[in-house]
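Enquirer: Coordinates for the following, if possible.
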Amino acid sequence: MKATLVKKPIGMLVLINLLAFLLLFFYRKPHNLQILYVGGSIMVLNVITYSVIVFLKLGDEYLFLIASMLITVGVVMLCRLNYTLGIAQVGWYLASLGVFYVTYIAYRYINFWSNLKWLYFALSVALYILTLTVGVTINGAKNWIVVGGHSFQPVEVIKVLFIFFLAARLTGNNKKILNLPENYATAFFAFIFIAFLLFQREWGIMLLFFFCYITLIYIYDSNKLFVALNVLVCTVVGVAGALTMHHIAVRIHTWKNPWSDISNTGYQITQSLFAIAAGGFFGTGIGMGRPDFIPEAHSDFIFSAICEEMGVFGGVAVILLYLIFIYRGIKIVLTLPKGFDKCAALGITIMFAFQTFIIIGGVIKLIPLTGITLPFISSGGSSLVSSFISLGVLQAMSARGNEHGK
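Expert: Presented below is the predicted three-dimensional model:
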């Protein structure tokens with residue numbers, strides 16, 4: 001019975017993989033065998049990695065299954081949009097799996113991560129300075145570095161370092177800095193992380209950092225006045241940014257009324273809404289819609305493309321996958337003893353949750369659009385590698401939690 005139960009989820013994943021890529025192959029004209037090669041590669045990588053996790057008992061068996069299902073959905077849509085993007089994403093997926101294993105081993109068998117808070121801070125500052133010095137501006141934010149024709153975002157690594165730094169500060173025995181109490185010293189350094197994002201004009205990640213920081217201090221700090229002061233500071237910074245920075249003001253105006261300038265500033269969000277409406281409940285079918293009308297459909301607006309061809313039900317299924325992923329993350333947090341591991345696992349989990357909410361909320365016009373990636377689905381190497389670093393940490397923590405529960 002146990003063996004049967006273990007095989008069911010991966011069997012379902014393989015079946016969905018086969019159906020999705022076969023449908024794309026038959027309905028996408030002209031037929032391209034590369035689609036089947038990509039689908040087969042994804043399926044093999046999923047099965048091998050899941051088998052390794054199960055047979056070597058590397059912790060939670062469902063985290064990777066959920067992530068691999070999201071990867072499959074993303075690669076299907078990328079192949080639908082552009083074969084080159086789909087093939088590139090498979091390459092990044094392979095590299096990300098290597099990073100996943102390395103992260104798992106490193107975190108699983110090294111126990112001094114809580115003592116490296118200043119290393120996390122120093123590395124983050126170095127990456128910020130490097131980005132500000134040699135980085136390039138794309139879509140209004142100077143957060144990209146281009147090397148040999150390939151671009152990547154150092155802030156994707158800083159996201160993990162930020163969570164580790166906060167976990168070390170909130171759960172460690174910290175000395176006073178600048179004669180400030182521990183919680184105010186933590187706030188001081190957290191806002192340094194956020195200030196660099198302000199210089200880069202990267203408001204999407206800054207919003208993500210705000211949410212994660214406020215949530216963690218709300219949970220770990222008993223001083224509610226301190227929490228309220230942090231919320232006030234975050235609100236003031238946000239309002240000041242909206243009033244003083246033109247591109248932020250434009251995004252807020254577009255969110256309020258995209259139809260007033262539908263051919264220019266409102267074009268992205270209106271095309272997103274048109275695509276979701278065109279898909280209806282059941283979608284136009286894989287390969288039978290027009291997601292190419294959506295700007296940045298491979299990255300920022302890939303959820304809109306999914307809803308057009310897989311329907312609102314397909315979009316809801318993707319959201320449910322993220323909800324199950326967050327549930328598994330919280331379940332891992334509850335198995336861990338109090339300390340750095342517990343706080344870091346919680347931070348990574350809520351970062352996935354807020355990132356998903358921010359980007360999906362933006363493309364459906366629930367909140368102003370910020371332009372960050374949808375974890376595991378959007379095209380992009382640095383985003384995918386960063387997500388698998390976080391996944392590797394959670395996987396290692398789940399193994400530690402299982403040992404603690406014995």
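Enquirer: And the average pLDDT for the lengthiest strand in the chain is what?
Expert: Taking DSSP state E as the criterion, the chain has its longest strand at strand 141-147. The average pLDDT for strand 141-147 rounds to 75.
Enquirer: And what about Leu127, helix, strand or coil?
Expert: Secondary structure for Leu127, judged by DSSP: H, G, I helix; E, B strand; the rest coil, is helix.
Enquirer: quick one: low-confidence parts of the stretch 1-150 of the chain?
Expert: Within the stretch 1-150 of the chain, the ranges that satisfy pLDDT under 70 run 1-8, 139-141, 149.
Enquirer: can you map out the helices along it?
Expert: 2-27, 33-55, 63-81, 83-109, 117-134 (DSSP state H, counting those that start in this stretch).
Enquirer: what comes up buried for the host helix or strand of Trp255?
Expert: Taking DSSP states H and E as the criterion, Trp255 maps to helix 246-256. The neighbour-count check on helix 246-256 (16 or more other C-beta atoms under 10 Å) flags Ile248, Val250, Arg251, His253, Thr254, Trp255 as buried. (Glycine included, C-beta is placed from N, CA and C.)
Enquirer: which strands and helices sit next to it?
Expert: When contacts are defined as 3 or more C-beta pairs under 8 Å, 6 or more residues apart in numbering; DSSP states H and E, helix 246-256 packs onto helix 224-244.
Enquirer: do that again at 10 Å, thanks
Expert: helix 203-220, helix 224-244, helix 267-279 (3 or more C-beta pairs under 10 Å, 6 or more residues apart in numbering; DSSP states H and E).
Enquirer: what is the rounded mean pLDDT of that helix?
Expert: Helix 246-256 comes out at a mean pLDDT of 80.
Enquirer: ok so, going back, what pairs with the longest strand of the chain, parallel or antiparallel?
Expert: Applying DSSP bridges to the sheet, strand 141-147 is found paired with strand 136-138 (antiparallel), strand 150-152 (antiparallel).
Enquirer: Could you list the residues in contact with the last one?
Expert: By that I understand strand 150-152. Residues outside strand 150-152 that contact it (C-beta atoms under 10 Å, 6 or more residues apart in numbering) are 88, 135-136, 138, 143-146, 380-383, 385-386.
Enquirer: Mind exporting the C-alpha coordinates of the helix or strand following it to PDB?
Expert: Counting by DSSP H and E, the element after strand 150-152 in chain order, helix or strand, is helix 155-171. Extracted in PDB, the C-alpha atoms of helix 155-171 (Å, rounded to 0.1, in the frame of the first residue of the first chain):
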ATOM      1  CA  VAL A 155      19.000  40.500  -6.300                       C
ATOM      2  CA  GLU A 156      17.700  36.900  -6.800                       C
ATOM      3  CA  VAL A 157      20.600  35.700  -4.600                       C
ATOM      4  CA  ILE A 158      20.100  38.700  -2.200                       C
ATOM      5  CA  LYS A 159      16.600  37.500  -1.500                       C
ATOM      6  CA  VAL A 160      17.900  34.300   0.100                       C
ATOM      7  CA  LEU A 161      20.700  36.200   1.900                       C
ATOM      8  CA  PHE A 162      18.100  38.700   3.300                       C
ATOM      9  CA  ILE A 163      16.000  35.900   4.800                       C
ATOM     10  CA  PHE A 164      19.100  34.300   6.300                       C
ATOM     11  CA  PHE A 165      20.300  37.600   7.800                       C
ATOM     12  CA  LEU A 166      16.900  38.300   9.300                       C
ATOM     13  CA  ALA A 167      16.700  34.800  10.700                       C
ATOM     14  CA  ALA A 168      20.100  35.100  12.300                       C
ATOM     15  CA  ARG A 169      19.300  38.500  13.800                       C
ATOM     16  CA  LEU A 170      15.900  37.500  15.100                       C
ATOM     17  CA  THR A 171      16.900  34.300  16.700                       C
END
